[in-house]
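this is a predicted model, with the sequence first.
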Amino acid sequence: MKFSEIPGHDNVKERMRLMASSDRLPHALLLEGPEGVGKLALARAFAQYIHCENPGPDGDACGECRNCRLHQSMNHVDTHYSFPVVKLDGMTNAPISDDFYKEWTEFTAGRIYTDIESWASTFNKRNANPQIYVTESDELVKQLAFTSHVTRYKIVIMWLPERLNETAANKLLKMIEEPFEDTIFILVSNNPAGILPTIYSRVQRLSLKRLPDATVAENLMKRGGLDRADAMAIAHNAAGNMIAALRLLESDKEIATYFDFFVTLMRLAYLRDVKKLREWTEDLTALGREKEISFYEYASRMIRENFMLNFNVPALSYLSATEHNFAVRFSRFITVRNVEKLMEVFGNAIRDIAGNGNGKIVNFDVAIKTILLLKQ
Ligand SMILES: [Zn+2]
């Protein structure tokens, strides 16, 4: 990871360059700030910059020397990653980070913005709550005492020290109080209030700010499919958190999909096109249970909103521009005669799908009932 790959934070990058060039590297550095701004990526870039054999005049790692290549493939022997992990069923001892290093490498590959929720979901365990166990602190003591270096500095990047359990934190404190020579701890925290105060007071701190809306918007646009206005709207709601922006983008996309399914259902039911409704059934079933249920929740909301529109109560209507344009023509079909029954059909579909009913049968049944209920 190079500095240039990470948007923003020019002041922090400059501080890091100065620390490295003045040879005044702290034994322990804390990067603190909100989630979704790129702190872990900056820690990685800083470690690579320190180890790079040939940093460029642009103030960045060269990206080509042996050390850079090892960093980029996450194989640098003098860089240790400590991160929260989960004790899986069947494990007798609490795990160490290295037990999940393969997963970690995949998770961080090319990823500038990381969040604990996404990381937790990579563990095959319900309600996984990753933490750093005391076994990891013991492992660090072992690794740092081992003196064979290929570079001058050994670097420990610890992601989310607020997730150290108490014994583990006390052992880390000891390592920070009595540092091994040429060892640098880079701690990366979303919640510094959760760090042992004795650790917090002993580390040099760099605070990272939320990302500017324009930076978030540009990043969204790079991923494609968004114009500036839409990207800025999402960026504004994400409040400088790239993870939140990506989640919003994802839910926008999902809603667009549900809208398409809803419009298709209503159009085909109105045309009584049973053959095409069979295709609609197949497509909806292919989304999988969770999304089928979300679709029916969405469809219920659309029916309610369209019914409201018939009573000319715009204050109660929460439709987007696209949904509203459709509703202007469609709402007259939703009346006192069928509104409750349609809601009931969708409600039953949710119940049946959640109860492991056969999606194809449930969805086709909805299609047929919708034909009957739309009939004027
Ligand atoms: Zn290099």
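Sure, I can see it. Residues are numbered from 1 along each chain as shown.

tell me the domain ranges of this protein?
3-209, 254-374 (automatic domain parsing).

distance between the last one and the chain's centre?
Yep, that's domain 254-374 we're talking about. When C-alpha coordinates are averaged (C-alpha atoms, centre = their mean, to the nearest Å), domain 254-374 and its chain have centres 30 Å apart.

repeat that for stretch 142-158.
Averaging C-alpha positions (C-alpha atoms, centre = their mean) puts stretch 142-158 30 Å from its chain's average.

pull up the distance across that stretch, start to finish.
Using C-alpha to C-alpha, to the nearest Å, one end of stretch 142-158 lies 16 Å from the other.

just stretch 307-325 next, same as before
Terminal residues of stretch 307-325 are spaced 15 Å apart (C-alpha to C-alpha).

how about residues contacting it?
The contact list for stretch 307-325 (C-beta atoms under 8 Å, 6 or more residues apart in numbering) reads Ile255, Ala256, Phe259, Met302, Glu305, Ala327, Val328, Ser331, Arg332, Ile334, Thr335, Val339. For every residue, glycine as well, the C-beta is placed using N, CA and C.

nearest to the ion among those residues?
Set against the ion, the nearest of those by C-beta to the ion is Ala256 (43.3 Å).

near the closest one, how many other residues are there?
With neighbours defined by other C-beta atoms under 10 Å, the count for Ala256 comes to 11.

and the contacts of stretch 307-325, which two are furthest apart?
Ala256 and Thr335 (27.2 Å; C-beta to C-beta).

and the lengthiest helix in the chain, what does it pack onto?
When the chain is parsed with DSSP state H, its longest helix is helix 242-271. When contacts are defined as 3 or more C-beta pairs under 8 Å, 6 or more residues apart in numbering; DSSP states H and E, helix 242-271 packs onto helix 213-222, helix 228-238, helix 274-286, helix 289-310, helix 321-330, helix 359-374.

make CSV from the contacts of stretch 307-325 and add distance to Ala20 and pLDDT to it.
Compiled in CSV, the contacts of stretch 307-325 are given as follows (distance: C-beta to C-beta, whole Å; pLDDT from 0 to 100):
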residue, distance to Ala20, pLDDT
Ile255, 46, 90
Ala256, 46, 91
Phe259, 51, 96
Met302, 56, 94
Glu305, 57, 89
Ala327, 59, 91
Val328, 61, 88
Ser331, 64, 92
Arg332, 69, 92
Ile334, 65, 94
Thr335, 71, 92
Val339, 67, 95
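
that older thread, which of the helices and strands packed on helix 242-271 sits closest to the ion?
Going by C-beta to the ion, the one of the helices and strands packed on helix 242-271 nearest the ion is helix 213-222, 25.3 Å.

that closest one: which residues count as buried?
Within helix 213-222, the residues that qualify as buried are Asp213, Thr215, Val216, Ala217, Glu218, Asn219, Leu220, Met221, counting by 16 or more other C-beta atoms under 10 Å.

pLDDT score assigned to the fifth one?
Turning to Glu218, the model gives it a pLDDT of 93.

repeat for the first one
What the model reports for Asp213 is a pLDDT of 94.

confirm that Asn129 sits in a helix.
No. Counting by DSSP: H, G, I helix; E, B strand; the rest coil, one finds Asn129 to be coil, located in no helix.

ok, it - contacts?
Counting by C-beta under 8 Å, 6+ apart, Asn129 has contacts Val86, Ala120.

and it, what are its phi and psi?
Backbone torsions of Asn129, given as degrees, to the nearest 10, read phi -130, psi 90.

any idea how far it lies from Thr183?
Distance, Asn129 to Thr183, by C-beta to C-beta, to the nearest Å: 29 Å.

specify the local secondary structure of Ala349.
Strictly by three-state DSSP, Ala349 counts as helix.

what's the neighbour count on it?
As a burial measure, Ala349 scores 24 neighbours (other C-beta under 10 Å).

wait, it sits on Phe364?
No. Assessed by C-beta atoms under 8 Å, Ala349 is found out of contact with Phe364, at 10.5 Å.

with adjacent residues omitted, what lies nearest to Gly56?
Leaving out its chain neighbours, the residue that sits closest to Gly56 by C-beta to C-beta, 6 or more residues apart in numbering is Cys62, at 5.7 Å.

give the contact list for the residue of the stretch 201-350 of the chain found nearest the ion.
Closest to the ion within the stretch 201-350 of the chain is Leu206: 22.2 Å, counting by C-beta to the ion. For Leu206, the contact set (C-beta under 8 Å, 6+ apart) comprises Val12, Arg15, Met16, Leu29, Leu30, Leu31, Glu32.
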